[in-house]
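**Student:** one predicted model, sequence on top.
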Amino acid sequence: MGKVKTGIIGTGFIGPAHVEAVRRLGYVEVAAVAEANKDLAEQKAAALSIPKAYGSYQELLADPEIQVVHVCTPNTLHYPIVKDALQAGKHVYCEKPLAMNSRESAELVKMADDLGLVNAVNFNYRFYPLNQEAKAKVQSGEIGRTLVITGSYLQDWLLLPTDYNWRIEPDLGGESRAVADIGSHWCDLISFITGQKFTRVYADLAVVHKTRMKPKKAIETYAGKELTPEDYEAVPVTTEDYGTVMFEMDGGARGVFTVCQVCAGRKNRLYYEIDCEKAALAYDQEDVERLWIGRRDGPNQVLMRDPSILSSHAKQYTSYPGGHPEGYPDGLKNFMSSFYGFVISDKDPRKEKPDFPTFIDGHAEIAIVEAVLTSAKKQAWTEVIY
Ligand code: NAI
Ligand code: SOE
């Protein structure tokens, strides 16, 4: 059997990470790349050793050789690209968020289902072995009912008023920033581990820098440190740097999380603590090899990732022996492995439930973000309408 031919649309920060992850599978060929213009596409194709370079995503979608597309552009382009890709008969692996609002995301869920195409949204943190282990511990009933969940997702890459990215602009990133950009990962992970859905939220949001200095030329994510003062202009900011959200879930769990993109020293600190009847679990994405297990009637434990002692469920998501750390690129590779495994076995996503997040999960996250925005405006508990 020949290799699955795939195309990557958008090659800034995350696009090349997708390229590397799919190449690790061995049976997928990254056959084409599409960028904002032909020059950039050719430059990126050469740098990534990809044979075909397209100056528009429409040209890539018209290529009959391409079976799967990865959507790795700024958020505002996800909906039109995904819609066109499905209409072109391609399976779609989309970055989060799936769309700019729940009307669009609901339409994409229906369209993918009508066409029977394989679809995924990149909530990649699910695919860390210790998050799979946490899921196994909670959902097997081993540690009892989930009582309370607390946590945060903190970053510092937008700490200074001179830090800038397209995510700051509502037209490109969406009306919510910190909650949609990183809170969505946190909520997805908590739903995944607990098996519970968010039912209502109460949110407080804040814009720390109401004016930011915008670079006069476009820059890729995390690239702003290279600019000097004459490269900027002052612009007003409406998207939140900070948010704290109280929530309730349909299985009875309740809790609170904080997201923030101006926390010095916190690079990508997704942290949760899940307090259950018989034990608690805590995990920090920056300390990826350890799962803390808290106990009342015995010593607390730190479970180090090691295939020889993980549950049979979590073992499937780890490749290296303990002490040989696996991190962000490995989680992405695990996700690609589940997604492409589904594609090559010709499974119908309408008949067999994928073990990876699909457009349904992408839609759910957008519904939560919309409830958060409404709650913050009304200063009231707000139902999540899926
Ligand atoms: P970026 O700004 O670094 O890269 C975006 C790329 O899209 C650039 O190369 C840009 O030239 C290209 N692009 C813009 N317009 C285009 C068009 N019309 N056709 C083709 N390409 C076009 O952004 P970054 O950080 O890579 O984010 C991209 C997406 O990935 C976002 O939706 C973001 O939320 C998501 N993301 C997810 C991560 C995860 O861990 N799941 C990590 C980082 C980003
Ligand atoms: C920036 O906040 C970012 O790259 C997000 O867009 C990603 O989704 C997250 O995984 C890491 O941080």
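**Tutor:** Received the coordinates, thanks. Numbers count the residues shown, from 1 in each chain. Ligands and ions are numbered 1, 2, ... in the order given.

**Student:** could you count how many residues lie near whichever residue of the chain sits closest to ligand 1?
**Tutor:** Ranked by CB to the nearest ligand atom, the top residue of the chain for proximity to ligand 1 is G12, at 1.9 Å. Any C-beta I mention is one placed from the backbone N, CA and C, and that applies to glycine too. G12 sits with 20 neighbouring residues when counted by other CB atoms under 10 Å.

**Student:** can you name the residues of the stretch 51-200 of the chain sitting close to ligand 2?
**Tutor:** Near ligand 2, the residues belonging to the stretch 51-200 of the chain are Q155, D181, I182, H185 when assessed by CB under 6 Å from any ligand atom.

**Student:** where's the first one relative to A282, distance?
**Tutor:** Using CB to CB, to the nearest Å, one gets 19 Å for the distance from Q155 to A282.

**Student:** show me what contacts the residue of the chain closest to ligand 1?
**Tutor:** C72, E220, T221 (CB atoms under 8 Å, 6 or more residues apart in numbering).

**Student:** which residue is the nearest non-sequential neighbour of the last one?
**Tutor:** Nearest residue to T221, sequence neighbours excluded (CB to CB, 6 or more residues apart in numbering): F13, at 4.0 Å.

**Student:** tell me the contacts of the one you found?
**Tutor:** Residues in contact with F13 (CB under 8 Å, 6+ apart) are E220, T221, Y222.

**Student:** A helix includes the first one, no?
**Tutor:** Put plainly, it is E220. No. With the criterion set as DSSP: H, G, I helix; E, B strand; the rest coil, the secondary structure at E220 is coil rather than a helix.

**Student:** so is the closest residue to it other than its chain neighbours in a helix, a strand, or just coil?
**Tutor:** Spatial nearest neighbour of E220, chain neighbours left out: G12 (4.3 Å); criterion: CB to CB, 6+ apart. Judged by three-state DSSP, the three-state class of G12 is coil.

**Student:** try Y272
**Tutor:** Using three-state DSSP, the secondary structure recorded for Y272 is strand.

**Student:** could you pull out the strands for the stretch 201-350 of the chain?
**Tutor:** In order along the chain, the stretch 201-350 of the chain carries the following strands (DSSP state E, counting those that start in this stretch): 211-215, 232-236, 242-249, 254-260, 269-276, 280-284, 290-294, 301-304.

**Student:** so for ligand 2, which of those sits nearest?
**Tutor:** In terms of CB to the nearest ligand atom, the element of those nearest to ligand 2 is strand 269-276, at 8.0 Å.

**Student:** tell me what the closest one is packed against?
**Tutor:** The contact analysis (3 or more CB pairs under 8 Å, 6 or more residues apart in numbering; DSSP states H and E) places strand 269-276 against helix 129-139, strand 146-154, helix 184-194, strand 280-284.

**Student:** let's have these in a markdown table, adding mean pLDDT.
**Tutor:** Supplementary listing: the helices and strands packed on strand 269-276 in a markdown table, determined by pLDDT from 0 to 100:
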| stretch | mean pLDDT |
| --- | --- |
| helix 129-139 | 98 |
| strand 146-154 | 99 |
| helix 184-194 | 98 |
| strand 280-284 | 98 |
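
**Student:** out of those, which comes closest to A31?
**Tutor:** Closest to A31 of the helices and strands packed on strand 269-276 is helix 184-194 (CB to CB; 29.2 Å).

**Student:** is the closest one anywhere near ligand 1?
**Tutor:** No. Counting by CB under 6 Å from any ligand atom, ligand 1 is not contacted by helix 184-194; separation bottoms out at 6.9 Å.

**Student:** just the angle between that helix and strand 242-249, please?
**Tutor:** Between helix 184-194 and strand 242-249, the angle formed by their directions is 20 degrees, by axes from the mean of the first three to the mean of the last three CA atoms, to 10 degrees.

**Student:** and the spatially closest residue to P325 that is not a sequence neighbour, its phi and psi?
**Tutor:** Ranked by CB to CB, 6+ apart and with sequence neighbours excluded, the top spatial neighbour of P325 is E289, at 5.4 Å. E289 has phi and psi values of phi -90, psi 0 when expressed as degrees, to the nearest 10.
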